[in-house]
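# Structure of the sequence below:
(chains A and B)
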Amino acid sequence: KAGVTQTPRYLIKTRGQQVTLSCSPISGHRSVSWYQQTPGQGLQFLFEYFSETQRNKGNFPGRFSGRQFSNSRSEMNVSTLELGDSALYLCASSLSSSGQGLDEQFFGPGTRLTVL
Amino acid sequence: KQEVTQIPAALSVPEGENLVLNCSFTDSAIYNLQWFRQDPGKGLTSLLLIQSSQREQTSGRLNASLDKSSGRSTLYIAASQPGDSATYLCAAHKLSFGAGTTVTVRA
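Below you'll find the model as predicted:
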């Protein structure tokens, strides 16, 4: 069974640009969660999508948005990039029939975003 | 809101020593708790998931315990090897991850 895949693996952008990251979950998984990881802040939750609907949202500005498609693939978009958006962006998938608690999560390799 | 703490932030041990990693959480009403390993610049690899109804879970040299009443989980790694060097994170909720303990096993 293929794991969680993320594309692209590396991105370099300049301030003010926008970026779209993609995540394909494990087959059969309907929940996709996105996280930002930086050395200073650790792993921070961005949002979770389940059956094409956003189910949970972290404390990030509206420049960060996402969506999920009918095949459970998810995209994350960041508009008007800032230097502080440089980070490793991770997505995780789970079966997640319930929005509560923690189903076993499986992470992708991440997308390393550098904003210059 | 569930807060998760991992102490110490870093740990260095000689090869062969047993590792004990701690994870504390504030809300005892958790569903499950999951332990992960992360190598530098990589994604997280799931190690163990402990269901809320379980007291412990084992996989090879790894054993994780869960005590909901005291808000603690412990990950034990027996007979550590240099390949165990990594950062270990615990999660009590999708929104609540610990900052991790970075382990160095010296050959």
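# C-alpha from now on. contacts and neighbour counts both.
OK.
# where exactly do the strands run in the chain?
Unless you meant another one, I'm taking chain A. For chain A, the strands defined by DSSP state E cover A:5-7, A:10-13, A:19-24, A:31-38, A:42-50, A:53-57, A:64-68, A:74-78, A:87-94, A:106-107, A:111-115.
# Actually, chain B is the one I wanted.
Counting by DSSP E, the segments of chain B that form strands are B:4-5, B:10-14, B:19-25, B:32-38, B:44-51, B:56-59, B:62-67, B:72-77, B:86-93, B:96-97, B:101-106.
# highest average neighbour count across those?
Across those, averaging neighbours per residue (mean count of other Cα atoms under 10 Å in any protein chain shown) puts strand B:86-93 on top, at a mean of 25.
# Now tell me what touches it from outside.
A:101-102, B:2, B:4, B:6, B:23, B:25, B:30-40, B:97-104 (Cα atoms under 8 Å, 6 or more residues apart in numbering or on different chains).
# and the nearest residue to A:G16 once chain neighbours are set aside, backbone torsions?
Nearest residue to A:G16 in three dimensions, chain neighbours excluded: A:T80, at 4.1 Å (Cα to Cα, 6 or more residues apart in numbering or on different chains). Backbone geometry at A:T80, expressed as degrees, to the nearest 10, gives phi 40, psi 60.
# Now for A:T80: which residues touch it?
By Cα under 8 Å, 6+ apart, the residues touching A:T80 are A:R15, A:G16, A:Q17, A:Q18, A:R63.
# Could you check the pLDDT of it?
At A:T80, the predicted lDDT confidence score is 96.
# wait, what's in contact with the nearest residue to A:L116 once chain neighbours are set aside?
Among residues not flanking A:L116 along the chain, A:T14 sits closest, at 4.6 Å (Cα to Cα, 6+ apart). If you count contacts by Cα under 8 Å, 6+ apart, A:T14 has them with A:L81, A:V115, A:L116.
# coming back round to it: relative to chain B, which of the contacts of A:T80 is nearest.
Using Cα to the nearest Cα, A:R63 is the member of these that lies nearest chain B, at 19.4 Å.
# So which bits of the lowest-mean-pLDDT helix or strand in chain A are buried?
Lowest mean confidence among the helices and strands of chain A (mean pLDDT, DSSP states H and E): strand A:53-57, at a mean of 91. By neighbour count with 16 or more other Cα atoms under 10 Å in any protein chain shown, strand A:53-57 contains the buried residues A:Q54, A:N56.
# check contacts around the closest residue to chain B within chain A.
Proximity of chain A to chain B (Cα to the nearest Cα) peaks at A:P109, 4.2 Å away. Contacts here follow Cα under 8 Å, 6+ apart; on that basis A:P109 touches A:V4, A:T5, A:Q6, A:R9, A:L90, B:K42, B:G43, B:L44.
# for A:L95, same thing?
Residues near A:L95 by Cα under 8 Å, 6+ apart: A:G28, A:H29, A:R30, A:S31, A:D103, A:E104.
# Flag whichever of those scores worst on pLDDT.
Within the set of the contacts of A:L95, pLDDT is lowest for A:D103 (80).
# Run a quick neighbour tally on the closest residue to it other than its chain neighbours.
Sequence neighbours aside, A:S96 is the residue nearest to A:D103 in space, at 5.7 Å (criterion: Cα to Cα, 6+ apart). A count of neighbours around A:S96, defined by other Cα atoms under 10 Å in any protein chain shown, yields 17.
# per-residue pLDDT, A:S96?
The model reports A:S96 with a pLDDT of 72.
# hang on, it packs against A:H29?
Yes. Counting by Cα atoms under 8 Å, A:S96 touches A:H29, with 7.5 Å between them.
# Thanks again, I'm all set now.
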